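K.L.:
Model the structure of this input:
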Amino acid sequence: MPAVAPAADIEVAATVDRTVASVNDRIVLTVTVTGTMRQVPTPKLPDLSDSFVVQSAGSSTNFSMVNGQVTSSRSWSYSLLPRSVGSFTIGAAEVEFAGSVYRTDPIAVEVVEGRAPAAAVPGERQSSGVQSGGRDVFITTSVDRKRAYVDEQITLSFKFYRRIALWEQPRYTPPELSGFWSEDLPPQEESYESVGGVRYQVTEIRTALFPTAPGRATVGPATLVYSEGGGGFGFFATPGRRRQLTTEPIAIEVVPLPQEGRPADFGGAVGSYRITASIEPASVPAHQPATLKVRISGTGNVRKLTAPRLPELPDFKVYESSTTSDPSRTGGAMGGTKIYEYVLVPQTPGRKTVPAIRLPHFSPSSGEYRVADTGDLTLEVTEAVAGAEEARPPTAGIARLGTDIRYIREPGGTLTPAAEPVYARPWFVLLQLAPLVALGGTWAGKRRRDRLVQDDRLARLVGAKGRARRGLRRAREAAGNRGEACASVARVVTDFIGDRLGVPARGMTLPELAAALREAGADDALVGTVRGLLERCDLGRFAGGAAEVEGGRLVDEAESCLRAIERLPVKRGR
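P.N.:
Got it, this is the predicted structure:
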């Protein structure tokens, strides 16, 4: 149901994806600002804290040109989680522009007990693509489906078509993927295709996308910069024109997971999985350890799998040991294996049973919840060994291997002939090496530039610190405008985390960012500091709480967080 506020210069519209929802559903509110202005103003939401928990769900921007006039449109999405049942009104969103205030009409919604009318289930797999370029060179982006469940894989395909020689390696900038967890699907594929009776050489890059929240998500524009081959041959060849191609964004409708049939112990696994378990050794004395290994494998985003809930084990002391994941990309589908290990210490002798471990998961292909389990496991426990100590939980530490002393040795004196010839002096020999050093430096510089062109993660890592420094400088200059300062600080911190850790940070929620930091070695204090900083930024940007946030202090805290994040190990390579 849309609500529109007309205006002479701009148009502001507010819509919701549903007007009737259950207390466990999320309502997606979208505010769209359209006009001929160059910069689209940010809307201010009403105070909804008494009725809903409000979270940002990302934004998207579109441009169009009609008769030489450029029109821009930007949409902001918000996820509203009802606090209770009843009838509520989403108040007017406000936009300030050119000294005037524009408001949308209020929207009435109803929150009911039990199950609300469900959204439509995604239909058959389909392809939607957009093209940019001419007849000799063009690019396309396409997705294999435009409607998907939360955490269901969408395959994004970027194709570069050409039938002319290029001067150098083209530079590809992937689309912005706000609202998605993304994974590359290497390798790049080279092939030939016939389009309109013309044969083209084609390079394809595929990416697996997993939507993170229900509502409307957008695959941003993809960009390719290339130079045509110029005239001349060999050493006298010259580059041709430099061109840039850009595709249009693609809108994706993300359907929430159904409430009907959801198991109480469902942990968010979406895909097709199986679970097995084993205990080694099969027999141990009382108070001595055995290893319980739980293996989950199948198709889906295995990186986001959470540990299955263990059954009650009153006869054991249980310690979590380790977790390993081994993602795979078979046939363009993400999958793999994740292994959880636990240390079980039986307390009494006898034949012990470990009840079946369950893995509830949602199957997008069938639209139903399924439950896999390991079956019961047994462990023979013998009498405790006399004098043996009870096993302790696994620990990790650093042991000193040894020490050493470095002695100081005084160098002996040397005599130099008074009339030593120039060619016998050391610097003369080094001078002969100068051309080789210069050639080596030139070769190393070119190799580094080529690597940065081919390895986008390394390019992001190399420029991360400089971009963060410039972003914080702009945020400090905008400290008087608290809302703008909050937006700048949140963007700088999120981008720096993505560049340093090699993850798509802009498409991640706060819990996912926290998990990525912990996986990179961040302690709880740093994770809590970063999360608190981003939550206060969201308060200032989206919840009308900008007056409670001081821009200058926020920038100082962001600088401290970036210095701590910079000390974490980095990931290189695609």
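K.L.:
quick one: L431 is in a strand?
P.N.:
No: under DSSP: H, G, I helix; E, B strand; the rest coil, L431 sits outside any strand and is assigned helix.
K.L.:
Now for it, how many residues are close by?
P.N.:
For L431, the neighbour count with other CB atoms under 10 Å is 11. Placement of C-beta: from N, CA and C, glycine included.
K.L.:
Return the distance of it relative to V437.
P.N.:
Applying CB to CB, to the nearest Å, the value for L431 to V437 is 10 Å.
K.L.:
Excluding chain neighbours, give the residue nearest to the residue nearest the centre of the chain in space.
P.N.:
Nearest residue to the geometric centre of the chain (CA atoms, centre = their mean): P504, 2.7 Å. Counting by CB to CB, 6 or more residues apart in numbering, S182 is the residue found nearest to P504 once chain neighbours are left out, at 4.6 Å.
K.L.:
ok now the helix or strand where that neighbour lies, how far from the chain's centre?
P.N.:
Taking DSSP states H and E as the criterion, the element that holds S182 is strand 180-184. Strand 180-184 sits 6 Å away from the centroid of its parent chain (CA atoms, centre = their mean, to the nearest Å).
K.L.:
Next secondary structure element downstream of that strand?
P.N.:
Of the helices and strands lying after strand 180-184 in sequence (DSSP H and E), the nearest is strand 189-195.
K.L.:
and V489, what element?
P.N.:
helix 482-501.
K.L.:
Off-centre distance for that helix?
P.N.:
Here helix 482-501 shows a centroid-to-chain-centroid distance of 14 Å under the convention CA atoms, centre = their mean.
K.L.:
Quick one: list the elements packing against the following helix or strand past it.
P.N.:
Downstream of helix 482-501, the first helix or strand assigned by DSSP H and E is helix 510-519. Packing contacts for helix 510-519, counted by 3 or more CB pairs under 8 Å, 6 or more residues apart in numbering; DSSP states H and E, involve helix 482-501, helix 524-542.
K.L.:
Deepest in the core, which of those is it.
P.N.:
The highest mean neighbour count among the helices and strands packed on helix 510-519, using mean count of other CB atoms under 10 Å, belongs to helix 482-501: a mean of 22.
K.L.:
what's the angle from it to helix 510-519?
P.N.:
Angle, helix 482-501 to helix 510-519, by axes from the mean of the first three to the mean of the last three CA atoms, to 10 degrees: 40 degrees.
K.L.:
Just the angle for helix 482-501 relative to helix 524-542, thanks.
P.N.:
Using the same axes, to 10 degrees: helix 482-501 against helix 524-542 is 140 degrees.
K.L.:
helices or strands up against helix 482-501?
P.N.:
In terms of contacts (3+ CB pairs under 8 Å, 6+ apart), helix 482-501 is packed against helix 456-477, helix 510-519, helix 524-542, helix 551-566.
K.L.:
just to revisit the earlier point, how much does the helix holding V489 deviate in direction from helix 551-566?
P.N.:
Using the same axes, to 10 degrees: helix 482-501 against helix 551-566 is 0 degrees.
K.L.:
then helix 482-501 to CSV, C-alphas only?
P.N.:
Listed next in CSV are the C-alpha coordinates belonging to helix 482-501 (Å, rounded to 0.1, in the frame of the first residue of the first chain):
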residue,chain,number,x,y,z
ARG,A,482,25.4,14.8,13.2
GLY,A,483,23.3,12.7,10.8
GLU,A,484,25.9,13.1,8.0
ALA,A,485,28.8,12.4,10.4
CYS,A,486,27.0,9.2,11.6
ALA,A,487,26.6,8.0,8.0
SER,A,488,30.2,8.7,7.1
VAL,A,489,31.6,7.0,10.2
ALA,A,490,29.5,3.9,9.7
ARG,A,491,30.5,3.7,6.0
VAL,A,492,34.2,4.1,6.8
VAL,A,493,34.3,1.5,9.6
THR,A,494,32.2,-1.1,7.6
ASP,A,495,34.3,-0.6,4.4
PHE,A,496,37.6,-0.9,6.4
ILE,A,497,36.4,-4.2,8.0
GLY,A,498,35.5,-5.5,4.6
ASP,A,499,38.9,-4.4,3.0
ARG,A,500,41.0,-5.8,5.9
LEU,A,501,39.2,-9.1,6.3
